[in-house]
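# give me a 3D structure for the following:
(chains A, B and C)
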Amino acid sequence: MLKSRNLVQPEDFSIKEIDEILDLAQQIMANPDKYSEVCKGKLLATLFYEPSTRTRLSFESAMKRLGGNVVGFSEPGSSSASKGESLADTIRIVSGYVDIIAMRHPIAGSADEAVKYTEVPFINAGDGGNQHPTQTLTDLLTIKTLTGRLDNHVIGLCGDLKYGRTVHSLVKAMNRYNDSKFVFIAPEQLRMPGYVKQYLKDHVYYETASLDNAIPSLDLLYMTRIQKERFADLEEYELLKDCYRLDADKMSKAPENMLVMHPLPRVNEIATEVDNDKRAVYFQQAKFGMYVRMALIMKLLGVDVEE
Amino acid sequence: MLKSRNLVQPEDFSIKEIDEILDLAQQIMANPDKYSEVCKGKLLATLFYEPSTRTRLSFESAMKRLGGNVVGFSEPGSSSASKGESLADTIRIVSGYVDIIAMRHPIAGSADEAVKYTEVPFINAGDGGNQHPTQTLTDLLTIKTLTGRLDNHVIGLCGDLKYGRTVHSLVKAMNRYNDSKFVFIAPEQLRMPGYVKQYLKDHVYYETASLDNAIPSLDLLYMTRIQKERFADLEEYELLKDCYRLDADKMSKAPENMLVMHPLPRVNEIATEVDNDKRAVYFQQAKFGMYVRMALIMKLLGVDVEE
Amino acid sequence: MLKSRNLVQPEDFSIKEIDEILDLAQQIMANPDKYSEVCKGKLLATLFYEPSTRTRLSFESAMKRLGGNVVGFSEPGSSSASKGESLADTIRIVSGYVDIIAMRHPIAGSADEAVKYTEVPFINAGDGGNQHPTQTLTDLLTIKTLTGRLDNHVIGLCGDLKYGRTVHSLVKAMNRYNDSKFVFIAPEQLRMPGYVKQYLKDHVYYETASLDNAIPSLDLLYMTRIQKERFADLEEYELLKDCYRLDADKMSKAPENMLVMHPLPRVNEIATEVDNDKRAVYFQQAKFGMYVRMALIMKLLGVDVEE
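Next comes the predicted model:
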């Protein structure tokens, strides 16, 4: 039963519950008009203590496409936090106004703090480097819809695997399904941390520094950005960055059904020449993000279409 | 007749008109679904020339819970004011777009200026240190709903009574009802100004510097914040601040039915240990604020449920 | 057929298509309730990479008065652009969320870039000094509604004719109708550029530096602001500015049916004493802007009232 629950991290929901959400998202995609009024009279608060346009617009579009409405703020400057109000108080007050809350916050752990005080369902829309569970749901919906299954994939994750919360969450989530193999593609200093690899007890994983070598064997390639700031030695960054940039040449070595995913925003880790390759699904993925949020909001509010 | 009227200060409405608004707010609280479409097709502008998240979200939630919609801005940087447009011009233009305006402005008197130019009902959502009439309506609704009456109370007001527009307005408003007694609890340098006390011709008031001494006799305790900036001598502030901080110890001396109110945001003038005391009603008070704004908007727009 | 089209510059639409939009706007003005739900379930994105309150509120009010809804941002700081995302990517992502986009951008040519990537109808809400086609539609609706025709006018354009995109667009638009005469009223250093005058092959135009001399002969006077920054020599600015300031004295020399228009915001190029002159129609003009955007949105979405 998902009604009235909170979502702080993907593991808050069972596999069965996640399946329920993904199934509903697929039903919405198949027939969006049927759902265009299910949240009529309902109010979502989007409390964004740091800007994140895509995530905010995705949540707000989701709620409005369900016939609901939205109040909120998009940056801390326009929030009461600047007057010294505690997160606890803001959450208590706002949950008196609305039916459901989505919060983005720069500090890891703030979502755990917020759920202590909310009186309505709460969704973590990203808390610092910690968790971003609706991105994980987006990734799962993308994989399930475009490949037909969540198990038995060879998944390459490429880029900054050390700091990337998105890839950590995805690995933990995919680990709950059977028979997938993971290929971690990263430079030495940005390798997947041990505590993430420990989750993969029943799954095979490989590590490599070469995207060129790994790409021919992949079903899915999940790209992330390598940030210049992560390197003490800028020369090293300059030397490495092109190895982790996906372009048409690298795509020519990839299987013809391999999907390229990316949580976006993309800067230059994927050349724009790849955008028109039918295997590049990252813009579709963004759209799936809106649908999975529609399903999530419906489940937490306990609303459904009347049959 | 409240239709098409403006609200700049609480005294703009008669006691009878305020009663009408409070009555409607109570009806909405009792049956919110009945009112969920009364403002369908109507548009509220929230023009916030300084950020005030709670007040803005309260207004926007109110309008959306009535089925109406909202346009606006939440800080001056994104307003035409930064291009040198006068307040008069902005009000004239916006009142061509919308059905009702709520404005927050840092300069005292700007609401008086704005009503000269509006062509639609106008609500002052706070103009500098001057007026904040919907906070007063919120306070009245809280008192009336939780105690059953607006007369015959012993009301303690504690903290910064010199500069606090909220307490000045509340005193003036409560003075219009019979038989209340006021206890002004403040340090010497932040005492209630003479011009406010003059309003209380027919009411008894007491002044004291001791919250501890006053608290056993109160029906209502209205707390406000003492700002460090008000003190020339910081040592004096450090010496005084704890005397005006409400905690469990002080609450143990209070009557068992005394209500604790606060306009929020609260910083540290009320210890969080008080939050779970059933007499602490400040979060409820915030929620009452949304309902009284729903009633106010309905009255000024002249809309009602069809019977 | 306007459905699914983009509007980057006024010339993107034929005269016949512009007439369709103006006609629909007039029908909406005559009976707004009839159109209050035609965009139910539709979503507009307002992507404002620079603040422009009036334009944004006008678009958002327009969409909401049609029963549609809006998502977006009002300044670049809260957009993904600050994370280095390209305009192309933002447009691709957002067009996965919404049904129609209105974009304001400080860089000339960015609207041309955006339409390459949008999958939904796109409206240029101003791209730097380049184009602002919905202002031109607003001007045309104002002239047509208040004078009954778009041809055969003597149109004075006064102020900064060198840099003003609004006047350039209006001249090009009015040039498509018959028999109008243009009077360009500007100081030497801010005269109408040659490339704009070249459009006027079949129309007569005059140039003068004197508003006083020109005003008695005009049917329409379109005022714009002269910015101090345009002058290398500030003394020259001080000397000139009053000649181009419209006041009651200058209005006394104008024909009794001459209309005064202004794209707003107005700073001091029109004295406030002119505001109550019945010939001053610039606040009405702002309201016409909302109605013409309602008509434009309906046409591009291909929605209409059911008869």
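# show me where the stretch 51-200 of chain A has helices.
A:53-65, A:87-97, A:110-115, A:133-147, A:165-174, A:194-197 (DSSP state H, counting those that start in this stretch).
# out of these, nearest to chain C?
helix A:53-65 (4.0 Å; C-beta to the nearest C-beta). Heads up, the C-betas are built off the backbone N, CA and C, glycines and all.
# can that closest one be found next to chain C?
Yes - Helix A:53-65 is in contact with chain C by C-beta under 8 Å from any C-beta of the partner chain, via A:Thr53, A:Arg54, A:Leu57, A:Ser58, A:Glu60, A:Ser61, A:Lys64, A:Arg65.
# tell me, please, where in the stretch 151-300 of chain A the pLDDT is lower than the cut-off.
Counting by pLDDT under 70, the stretch 151-300 of chain A has no low-confidence residues at all.
# all strands for it, in order.
For the stretch 151-300 of chain A, the strands defined by DSSP state E, counting those that start in this stretch cover A:154-158, A:181-185, A:204-208, A:220-223, A:259-261.
# and the contacts of the fourth one?
With C-beta atoms under 8 Å, 6 or more residues apart in numbering or on different chains as the test, strand A:220-223 has contacts from A:139, A:143, A:147, A:153-159, A:167, A:170, A:215, A:246, A:254, A:258-262, A:266, A:269-270, A:282.
# quick one on the thing from earlier: mind putting the helices of the stretch 51-200 of chain A into TSV with mean neighbour count?
Output for the helices of the stretch 51-200 of chain A, formatted as TSV (neighbours: other C-beta atoms under 10 Å in any protein chain shown):
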stretch	mean neighbour count
helix A:53-65	27
helix A:87-97	22
helix A:110-115	20
helix A:133-147	23
helix A:165-174	22
helix A:194-197	13
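# export those to a markdown table and tack on distance to chain B?
Putting the helices of the stretch 51-200 of chain A into a markdown table (distance: least, C-beta to the nearest C-beta, whole Å) gives the following:
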| stretch | distance to chain B |
| --- | --- |
| helix A:53-65 | 11 |
| helix A:87-97 | 4 |
| helix A:110-115 | 13 |
| helix A:133-147 | 22 |
| helix A:165-174 | 27 |
| helix A:194-197 | 34 |
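# mind listing what A:Val8 touches?
A:Ala111, A:Asp112, A:Val115, A:Phe122, A:Asn124, A:Gln131, A:Pro133.
# change it to 6 Å
Contacts for A:Val8 (C-beta atoms under 6 Å, 6 or more residues apart in numbering or on different chains) come out as A:Ala111, A:Asn124.
# again, but for A:Phe288
With the criterion set at C-beta under 6 Å, 6+ apart, A:Phe288 makes contact with A:Thr138, A:Leu141, A:Thr142.
# if we can go back for a sec, which among the contacts of strand A:220-223 count as buried?
The neighbour-count test (16 or more other C-beta atoms under 10 Å in any protein chain shown) applied to those identifies A:139, A:143, A:153-159, A:167, A:170, A:215, A:246, A:254, A:258-262, A:266, A:269-270, A:282 as buried.
# distance to A:Ile21 for the strands of the stretch 151-300 of chain A - can I get that in CSV?
CSV is the format used below for the strands of the stretch 151-300 of chain A (distance: least, C-beta to C-beta, whole Å):
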stretch, distance to A:Ile21
strand A:154-158, 21
strand A:181-185, 23
strand A:204-208, 27
strand A:220-223, 20
strand A:259-261, 19
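# mind checking which of these is nearest B:Gly72?
Among these, the nearest to B:Gly72 by C-beta to C-beta is strand A:259-261 (37.4 Å).
# next one: the closest one to chain centre, how far?
Here the centre of strand A:259-261 is set off from its chain's centre by 14 Å, with C-alpha atoms, centre = their mean, to the nearest Å.
# that strand near chain C anywhere?
No - on the criterion C-beta under 6 Å from any C-beta of the partner chain, strand A:259-261 is out of touch with chain C, staying 14.0 Å away.
# identify all contacting residues around that strand.
Strand A:259-261 has contacts (C-beta under 6 Å, 6+ apart) with A:Leu146, A:Leu220, A:Leu221, A:Tyr222, A:Arg279, A:Ala280, A:Val281, A:Tyr282, A:Gln285.
# ok, back up a step: closest to B:Thr90 among the contacts of A:Phe288?
Distance to B:Thr90 across the contacts of A:Phe288 (C-beta to C-beta) is lowest for A:Thr138, with 40.0 Å.
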